[in-house]
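1. Everything below, folded, please.
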Amino acid sequence: MRFNPGLCAASLVVASSLSLIGAARPAQTPNPNPAPAQAAATTRTLPIWAYPVNPPRVRPAEGAPAIPRTPRVVDNTPIKVANSNAPAMPQAQISDLFVVPDWFPDAHPKMPAIVAEGRKPEIGACGHCHLPTGYGRPENESVAGLPAAYMLEQLNDFKNGLRHSSEPRMGSVALMVNYAKDLTPEEEKAAVDYFASIKPVKWIRVVETDTVPKTHPSGGMLVVDEGTEPIGERVIEVAEDYKQFELRNPTSGFIAYVPVGSLKAGEALVKTGGNGETMACTMCHGSNLKGVGNIPSIAGRSPSQMTRQLIDFQTGARNGAMGQMMKMPVAKLTNADIVDITGYLASLEP
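-> Numbers count the residues shown, from 1 in each chain. Okay, here's the model as predicted:
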């Protein structure tokens, strides 16, 4: 069967690290009777910097006194981002899945109801996670400017068990699976048409370095700790300003730290395929990597997101029709290759 490059890409995108160098953890122990769509997603070692799930709670030893939980303090003080004319709101409201903090409503088209408020109680607002601009955050996906037909296909894959995460504890993917099953065709069309209409912007600053801030996983992304450490074979993607990140400010982006020399190596892999390690991404995603027809753009997207997609293709967690065509390009990619490729792609103008 002749390979058709026009179908080879399902995309590296759509719908953050421990203090160990190159820290990774094995996937969970396989279910002895996995569902067909999950059967393949059991063997790949998952890098914690790309799948930054919270560590399990430490249980006290049998007979030991219970560890007291710190009471959660709810602060209802209204807050807002600088230069915004939108009303202030408390953090609890900002964190509500059915609320979209729309700090700059003039910066995007009018949101349809499913994007602005979701549908209670089944579906949270699309704009809460992906932001009103669709730019997304490292723990979910950047959907701004993706082809509407491509996004509809991904929603169907979520719905039909053909797309999930190699890491079952990735909450953002679990949410998408549940939401996709409840969306009506009208809601799907309204959401994808809205996000497809938005032009993506440069959202991630890529920095080559030997040393990075220490980080820990929290809420599906990496949060900076005190101190520094060698970067190792990782991409460390963090918020430029964590307080603004918590406010869901669509004008405050992210930094992606990558190893020195990885951008040049990534460029070679992306443009030529290396020495048979993969295929040139430009064959399917276009010479400028901004997509062709129904094949989505991969330039300027989050390296954390793209790493998860590449690995999910390898493990079979992404197994839709076009996803089948990504299996050949990703089959030989090593962790180092993925670091180089995703860092280089993130460095480009979207």
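2. phi, psi of the closest residue to Gly286 other than its chain neighbours?
-> Counting by CB to CB, 6 or more residues apart in numbering, the nearest residue to Gly286 once its immediate chain neighbours are dropped is Val292, at 4.5 Å. (Each C-beta comes from the backbone N, C-alpha and C, glycine too.) Backbone torsions for Val292, taken as degrees, to the nearest 10, come to phi -140, psi 120.
3. How about Arg205?
-> The phi and psi torsions at Arg205 (degrees, to the nearest 10) take the values phi -100, psi 120.
4. quick one, what contacts it?
-> The neighbours of Arg205, taking CB atoms under 8 Å, 6 or more residues apart in numbering as the test, are Glu240, Gly253, Phe254, Ile255, Ala256.
5. in the sheet, who's paired with it?
-> Each beta-bridge partner of Arg205 is listed here: Ile255, as defined by DSSP bridges.
6. how close does it sit to Ala180?
-> For Arg205, the distance to Ala180 (CB to CB, to the nearest Å) stands at 32 Å.
7. for Thr215, same thing?
-> For Thr215, the distance to Ala180 (CB to CB) stands at 31 Å.
8. Please apply the same query to Gly219.
-> Summarising the geometry, the distance separating Gly219 from Ala180, computed by CB to CB, is 22 Å.
9. So these two - more neighbours on which side?
-> Ala180 (19 against 16; other CB atoms under 10 Å).
10. Just give the nearest non-adjacent residue to that one, would you?
-> In space, Ala180 comes closest to Phe158 once its chain neighbours are excluded; the distance is 3.7 Å by CB to CB, 6+ apart.
11. quick one, helices of the chain?
-> For the chain, the helices defined by DSSP state H occupy 91-94, 113-116, 126-130, 148-159, 171-182, 185-196, 242-246, 262-272, 282-285, 303-315, 321-324, 327-330, 335-347.
12. elements contacting the second one?
-> Think helix 113-116. Contact here means 3 or more CB pairs under 8 Å, 6 or more residues apart in numbering; DSSP states H and E; on that basis helix 113-116 packs against helix 126-130, helix 185-196.
13. which one of those is the most hemmed in?
-> Among those, helix 126-130 has the highest mean neighbour count (mean count of other CB atoms under 10 Å), at a mean of 25.
14. hey, which helix or strand in the chain has the poorest pLDDT?
-> strand 24-25 (a mean of 36; mean pLDDT, DSSP states H and E).
15. longest strand of this structure?
-> The strand of greatest length in the chain, counted in residues with DSSP state E as the criterion, is given as strand 221-230.
16. Please identify the buried residues of that one?
-> Burial within strand 221-230, assessed by neighbour count using 16 or more other CB atoms under 10 Å, is assigned to Met221, Leu222, Val223, Val224, Glu229.
17. got it, and stretch 311-323?
-> Ile311, Asp312, Phe313, Gln314, Thr315, Gly316, Ala317, Arg318, Asn319, Gly320, Met322, Gly323.
18. And the fourth one, how far from Val330?
-> When distances are taken as CB to CB, Gln314 and Val330 turn out to be 5 Å apart.
19. re earlier: off-centre distance for the longest strand of the chain?
-> Relative to its parent chain, strand 221-230 has a centroid offset of 19 Å by CA atoms, centre = their mean, to the nearest Å.
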